[in-house]
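A.B. asks: Would you be able to build a 3D model of this:
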Amino acid sequence: MINIIWGLFIITGIIYSLLTNNIDIINNQILMSGKKTIEMVLEIFPVMAIWLGLMNIALESGLLFMFSKLISPLLGKLFKDIPKGHESLGFIASNIVINMFGLGSAATPFGLKAMNSLQSINGKKDTASKSMITFLVLNTSGVTIVPTMIISMRMMYKSNNPTEIVSACIIATICSTTAGLLMDKLLQRRCKK
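C.D. replies: Predicted coordinates:
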């Protein structure tokens, strides 16, 4: 649906520029957006490479596993219908930890493994379980402590203090995660009745 909306915006803009005889603006924007995209990729790539490398080192050294183990008791309380010690809790914890560092793309494989693992213990294979929905809410709420991508984009655009966004991101994370989990629990109780 979003592709259709964006496609309509682009087509409307092109038609409007043709009708108002401003086709040179469209040509300039197309060429400049390509140039800006290449510049952005070249400036963000080193930061992402460093963070992904650090995350890979943390994964290989067991640091990520240790941190995941620290938050597993909290996840056990949040996901009560997952059997204790089930592999899905480890995948969920790893996904959350990686998301905390603002590396959503690196967290995706763990999220997919978590959903696959949750599906294996799901009684109704054609319906999402409570744990699957709660994990989706938690994952979508954007649990982020260090917004790596935002910081690297702010650095790219020569921000005076690219890390000043961290406290706002932490507040936003707390608010969105709390609101999402409260709504999830409220709807779960409502569906029980």
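A.B. asks: in this structure, what spans have low per-residue confidence?
C.D. replies: 68, 193 (pLDDT under 70).
A.B. asks: all helices of it, in order?
C.D. replies: All helices of the chain, identified by DSSP state H, fall at 2-19, 23-61, 63-78, 87-100, 104-120, 130-140, 148-156, 166-192.
A.B. asks: Flag every buried residue along the third one.
C.D. replies: Yep, that's helix 63-78 we're talking about. In terms of neighbour count (16 or more other C-beta atoms under 10 Å), helix 63-78 has its buried residues at 64-65, 67-68, 71-72, 75, 78. In short, each C-beta sits where N, CA and C put it, glycine included.
A.B. asks: Can I get it as CSV, trimmed to CA atoms?
C.D. replies: Once non-C-alpha atoms are left out, helix 63-78 reads as follows in CSV (Å, rounded to 0.1, in the frame of the first residue of the first chain):
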residue,chain,number,x,y,z
LEU,A,63,29.1,-11.0,25.3
LEU,A,64,25.8,-10.8,23.5
PHE,A,65,24.8,-14.1,24.9
MET,A,66,25.7,-13.0,28.4
PHE,A,67,23.7,-9.8,28.0
SER,A,68,20.8,-11.8,26.6
LYS,A,69,21.0,-14.0,29.6
LEU,A,70,20.7,-11.0,31.9
ILE,A,71,17.4,-9.8,30.3
SER,A,72,16.0,-13.4,30.0
PRO,A,73,14.3,-13.3,33.4
LEU,A,74,12.5,-10.2,32.4
LEU,A,75,11.5,-11.8,29.1
GLY,A,76,10.3,-14.9,31.0
LYS,A,77,7.8,-12.7,32.9
LEU,A,78,6.8,-10.9,29.7
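A.B. asks: what's that helix packed up against?
C.D. replies: helix 23-61, helix 87-100 (3 or more C-beta pairs under 8 Å, 6 or more residues apart in numbering; DSSP states H and E).
A.B. asks: Kindly reformat those as a markdown table containing mean neighbour count and distance to Asn122.
C.D. replies: Output for the helices and strands packed on helix 63-78, formatted as a markdown table (neighbours: other C-beta atoms under 10 Å; distance: least, C-beta to C-beta, whole Å):
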| stretch | mean neighbour count | distance to Asn122 |
| --- | --- | --- |
| helix 23-61 | 12 | 27 |
| helix 87-100 | 23 | 10 |
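A.B. asks: Noted, bye for now.
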